[in-house]
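Visitor: Take a look and give me a structure for this.
(2 chains, ligands or ions: 1)
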Amino acid sequence: MLVLGIETSTPQASVALGSDQGVIASALVARGATYNEFLLPAITFCLNCSGSDWRNLTGVAVGLGPGLYTGMRVGVSTAKALAQALAVPIVGIASLDLLAYEVRYSPKTICAVLDARRSEVFHAFYRTSPGGIQRMTEYRVEKPGQLAVGIGSRLEEVLMVGNGALLYRDEFEELGSVAEVGTMSHAFPDARSLVELAVPRLIREEFDSLFELQPLYLRRSAKRIQWDRIRQARSAS
Amino acid sequence: MTDTIATAPAVATAPRALQKWDDRVLVLGIETSCDETSAAVVKGGREILSNVVASQTELHREYGGIVPEIAARAHIEALTPVIAEALVLADVTFWDLDAVAATVGPGLVGSLLIGIAEGKSIAAALGLPFIGVNHLEGHIYSNLLVDPAARWPALCLIVSGGHTLIVDVSGHARYEILGRTLDDAAGEAFDKVARFLGLDYPGGPEIDRLSLLGDPEAVRFPRAMLNQDGLDVSYSGLKTAVINYVRGREKAGAQISVPDVAASFQQAVVDVQVAKTMTAAERTGASRVCMCGGVAANSGLRRGMEAACKERGLELTVPPLELCTDNAAMIAACGTEMLRAGELSGLDAAPDPNLPLAR
Ligand SMILES: [Zn+2]
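Guide: Sure, this is the predicted structure:
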C-alpha cells in the first residue's frame, strides 16, 4: 500500500506518501508557494526519496478545502488526474478535519478555523473520539465575531487551531479562558495528517467518486450572489 | 511528412527513450482556457480520433457573458469525465498515449490552471512528455486538421471573442503578427452589439442568424481604419455607431428593424476584416489564407472571405464549426508539432494568462 496525500488549500502546500505503517516521505513549503510549480516536482521528489515509482501508488488523497480557490483547484485537479491515469481510488477529506486531527489528544472541544479572506473564517467544531476526531457541526463561513459569539455560548472550553484563529486571536481571546488559541505549528492543514486519515478510509474502501469529487467552496461565486440579490430585489418590487 | 527524431531537452518530464514521433504518434490534448472544457486524441498531428467539448454556454447565459469563477468551477467538474470520454471514443487507453498537451495561455488563469494541472499529472503518472501549448497557436493548427494537404506558409486570420489577429505563418513556430485590433476583438464587438440589441447570449451566432433576414445595406455604419495604410482594425467606434443609430431612431420615434441593424453591423465587420486580410495577403505574397477562431464560423465572414479569395486566386481554408471554436484537437495537433521540435514543458509549468503568440 502506498498512498499519496496532496494538501494545497492554504498558503502552506504539502505532499506526503505513506501507508498503514505511517508516513514515509513528505515535502512542504510554508509561504509563497506557487501550487502549480510546487506540486508535481514535490511529489516526484518524495517518490524518488522513498525509492518508489508512480506505478506503486495504490490510492490518492486530497485536502478539499475550504480555503484558497487557486490552491484547492490545483490540488483537486492534480489528485483527480493522477487517480484517473493510474486507475487508483481517490479520497477527499476536508482540510478543517486535518487541522483538528493534529490536536486530537486535547481533552477540549476543538474548533478548526481557517482564514476565508474578506474578513471571514471557515470553521467546524470537533470532539475527540477513540482513534481520531468526530465533527459536530457543519462546515461554515462566518465573521470572526459571529464565531466568537458561538463559542461564548457553548459553555465549554474550546481549543482553536488554524491560521484563522491566529489572525483574529484578539477577538477570540476576549472570551477569556473559554477559548485557547493554538500555536503557529498548528496553523495549516498538513498532507501527513491527510495520509493518516485517508489510509483507514482506503482500507475500508470508502472511496469518493472520481467524476464527482470537487473542492469544498462553501461560498457561491461572488457574481452569483450579486445576481441573486438583484433578482430578489426585482421580484420584491 | 518527413519523420523527425526528437530528443528531449533536460526537463522534469522524462520522455520514453529516443523515439520516432512518426505519423502514428498519439497525443492527448486538453483545452480549458475559457468556457469550453475539451479533451481530444489526435494521431500523427493530423487525424482526429476524438474531440470532446463540454460547453458551459448555458451556465453563463443568465449573466450575458463569461463569469471566470463559474467557468473555473465548471472545468473541475467536467474535465475528468471529458478526458475519459475522449479516450473511449478514440478507442485507446492512457497507456497507448505518447504525449500530453494542454493549453497554458492566453486565457482565464483560473480555468487554464485546471487543464495544466490535469495534463501535467497524467503525463507525470504515465512517464510521458508534457507540452504546454499556446491557445492561439492551437487555433492556427486547426487548419492542418481540416485539409490533409494544408501546409505553411499561409496567412492566418484568428478571429474570436478574445482575439483579432492577422498572422503571417511561415512555418512551425514562425509567426509574424501583421495586424491586430486596437480595442475590441471582433467577437467582443458582436457580443456587445447583441447585448445592446437585447439578443440572446451568445450574441455572435444570434447576429449572424438575424443578418440573414436583414438588409446589409440598410444602414451605412463606419468602416474604421479601412482607408488607413496599416493592417490594424478597430471595432469600438463601430459599436458606438450602432448604439447611437438605434438611440437616435428611438428618440425620433422611428421604427427600427433589428435584422437590418444586425445585417448592416455584420457587413461592416466583414468588409473591414476581409479588406485587411486581402491587403496582408498582397503584401506578403501569400497564396493561402486560413481563417480560425469562433468568429470564423460567422456565415457572412465566410462568404466575404470566400469571394475575395476566389477573386484573387487565393486558396482558403476554414475549419468546420467544431474546429473553429475552442477545442482540444487543435491543441493536440499543435502539441504534436512541438513534440517533434522537442519543445517540451516541465512539471512546473504554470498558466500564462497573457501569453503572446510570437515566441
Ligand atoms: Zn480561442
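Visitor: Looking at stretch B:172-183 now, give me its mean pLDDT.
Guide: For stretch B:172-183, mean pLDDT is 94.
Visitor: Can you tell me what sits against that stretch?
Guide: B:137, B:140, B:152, B:164-170, B:225, B:230-236, B:276, B:280, B:283-284, B:337-338, B:341, B:343, B:357-359 (C-beta atoms under 8 Å, 6 or more residues apart in numbering or on different chains). No exception for glycine: its C-beta is placed from N, CA and C like everyone else's.
Visitor: my read: A:Leu2 touches A:Ser19, true?
Guide: Yes: counting by C-beta atoms under 8 Å, A:Ser19 is a contact partner of A:Leu2 at 5.9 Å.
Visitor: quick one, which of these two is more surrounded?
Guide: Under the criterion of other C-beta atoms under 10 Å in any protein chain shown, the comparison of A:Leu2 against A:Ser19 puts A:Leu2 first, with 20 against 16.
Visitor: Show me which residues of chain B are close to the ion?
Guide: B:Ser160, B:Asp326 (C-beta under 5 Å from the ion).
Visitor: center of chain B - which residue?
Guide: The geometric centre of chain B, computed from its C-alpha atoms, lies nearest to B:Gly293 (C-alpha atoms, centre = their mean), at 3.3 Å.
Visitor: and that one, what does it touch?
Guide: Residues near B:Gly293 by C-beta under 8 Å, 6+ apart: B:His139, B:Leu157, B:Ile158, B:Val159, B:Ser160, B:His163, B:Gly187, B:Cys324.
Visitor: Relative to B:Val41, how far out is it?
Guide: If you measure B:Gly293 against B:Val41 using C-beta to C-beta, to the nearest Å, the figure is 23 Å.
Visitor: next one: B:Ser287
Guide: From B:Ser287 across to B:Val41, the span is 32 Å (C-beta to C-beta).
Visitor: and those two? which has more neighbours close in?
Guide: Taking neighbours as other C-beta under 10 Å, B:Ser287 and B:Val41 compare with B:Val41 leading, 27 against 13.
Visitor: Quick check: which element contains that one?
Guide: Per DSSP states H and E, B:Val41 falls inside strand B:36-43.
Visitor: buried residues in stretch A:20-37?
Guide: A:Val23, A:Ile24, A:Ala25, A:Ser26, A:Ala27, A:Leu28, A:Val29, A:Ala33, A:Tyr35, A:Asn36, A:Glu37 (16 or more other C-beta atoms under 10 Å in any protein chain shown).
Visitor: just checking, which of those residues belong to helices?
Guide: A:Tyr35, A:Asn36, A:Glu37 (DSSP state H).
Visitor: Quick one: these as JSON lines, columns for distance to A:Glu171 and pLDDT too.
Guide: Below are those laid out as JSON lines (distance: C-beta to C-beta, whole Å; pLDDT from 0 to 100):
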{"residue": "A:Tyr35", "distance to A:Glu171": "30", "pLDDT": "92"}
{"residue": "A:Asn36", "distance to A:Glu171": "34", "pLDDT": "91"}
{"residue": "A:Glu37", "distance to A:Glu171": "35", "pLDDT": "92"}
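Visitor: Out of these, which comes closest to B:Asp22?
Guide: For those, the residue nearest B:Asp22 by C-beta to C-beta is A:Asn36; the value is 31.8 Å.
Visitor: Do I have it right that that closest one meets B:Ala117?
Guide: Yes: if you go by C-beta under 8 Å, A:Asn36 and B:Ala117 touch, sitting 6.5 Å apart.
Visitor: and for the two, which residues touch both?
Guide: Taking C-beta under 8 Å, 6+ apart as the contact rule, A:Asn36 and B:Ala117 both touch A:Val74.
Visitor: So A:Thr137 is in contact with A:Ala112, correct?
Guide: No: applying C-beta under 8 Å, one finds A:Thr137 not in contact with A:Ala112, separated by 10.3 Å.
Visitor: Pull up the overlap in contacts between the two.
Guide: Joint contacts of A:Thr137 and A:Ala112 (C-beta under 8 Å, 6+ apart) are A:Ala124.
Visitor: who has more neighbours, these two?
Guide: Neighbour count, other C-beta under 10 Å: between A:Thr137 and A:Ala112, A:Ala112 has more, with 32 against 11.
Visitor: Before we move on, what's the pLDDT of the more buried one?
Guide: pLDDT, A:Ala112: 98.
Visitor: picking up where we left off before, specify which member of the buried residues of stretch A:20-37 is nearest to B:Thr93.
Guide: A:Asn36 (26.8 Å).
Visitor: Check the gap between the closest one and B:Ser287 for me.
Guide: From A:Asn36 to B:Ser287 the distance is 42 Å (C-beta to C-beta).
Visitor: can you list the residues of chain B near chain A?
Guide: Residues of chain B lying near chain A by C-beta under 8 Å from any C-beta of the partner chain: B:12, B:62-63, B:67, B:69-70, B:72-73, B:76-77, B:79-81, B:83-84, B:94, B:110, B:113-114, B:116-122, B:124-127, B:346-351.
Visitor: now the helices: where do they sit in chain A?
Guide: A:35-49, A:69-86, A:95-102, A:144-152, A:163-167, A:169-173, A:191-203, A:222-236.
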